[in-house]
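Asks: Sequence and computational prediction follow.
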Amino acid sequence: MEELQLTGVTNTLGINVAMLSAENKPYFVKVGDQFCDAKVLEIDAKTSCVKWRQDIPQDQNSLRPYKDVYRCLRGLPPDLAARPGK
């Protein structure tokens with residue numbers, strides 16, 4: 001998932017869709033879709049940000065065997081940008 005690039009966010013028929021690119025192949029995903037080792041949690045067309053939850057297999061015994069990943073076309077998502085130290 002590290003090589004995954006967010007290339008666009010749009011709203012089609014009331015559904016937010018993210019356009020992703022990996023290894024020069026385009027992918028279109030919506031909230032709830034499984035993609036590689038992750039699940040799409042949020043797509044915000046206003047901020048052009050996508051959030052997905054990526055499984056971390058080696059950490060299955062930890063309290064959080066996953067990490068939340070944000071990708072935005074322009075900078076950080078508003079809630080992360082407002083936090084000190086980010």
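Replies: Perfect, I can see it now.

Asks: any low-confidence regions in the protein?
Replies: Judged by pLDDT under 70, the chain has its weakly predicted residues at 1-2, 59-61, 76-86.

Asks: I figured residue 67 hits residue 57, correct?
Replies: No - when contacts are counted by CB atoms under 8 Å, residue 67 is not listed as touching residue 57 (11.8 Å). C-beta here means a position set from N, CA and C on the backbone, and glycine is covered the same way.

Asks: Who has more neighbours out of the two?
Replies: In this view residue 67 and residue 57 are compared by other CB atoms under 10 Å, and residue 67 has more residues nearby, 13 against 8.

Asks: measure the residue most central in space within the chain to residue 58 for me?
Replies: In the chain, the centroid-proximal residue (CA atoms, centre = their mean) is residue 51; its distance is 3.3 Å. Here the criterion is CB to CB, to the nearest Å. By it, residue 51 lies 22 Å from residue 58.

Asks: Same check on residue 20?
Replies: Taking CB to CB, one finds residue 20 at 24 Å from residue 58.

Asks: These two - which one has more neighbours?
Replies: Neighbour comparison, residue 20 and residue 58: the larger count goes to residue 20, with 21 against 7 (by other CB under 10 Å).

Asks: so that one, which of the three states?
Replies: Assigned by DSSP: H, G, I helix; E, B strand; the rest coil, the conformation of residue 20 is strand.

Asks: Quick check: bridge partners of it?
Replies: Taking DSSP bridges as the rule, residue 20 bridges to residue 6, residue 27.

Asks: hang on, isn't it packed against residue 26?
Replies: Yes - counting by CB under 8 Å, a contact exists between residue 20 and residue 26, whose distance comes to 7.3 Å.
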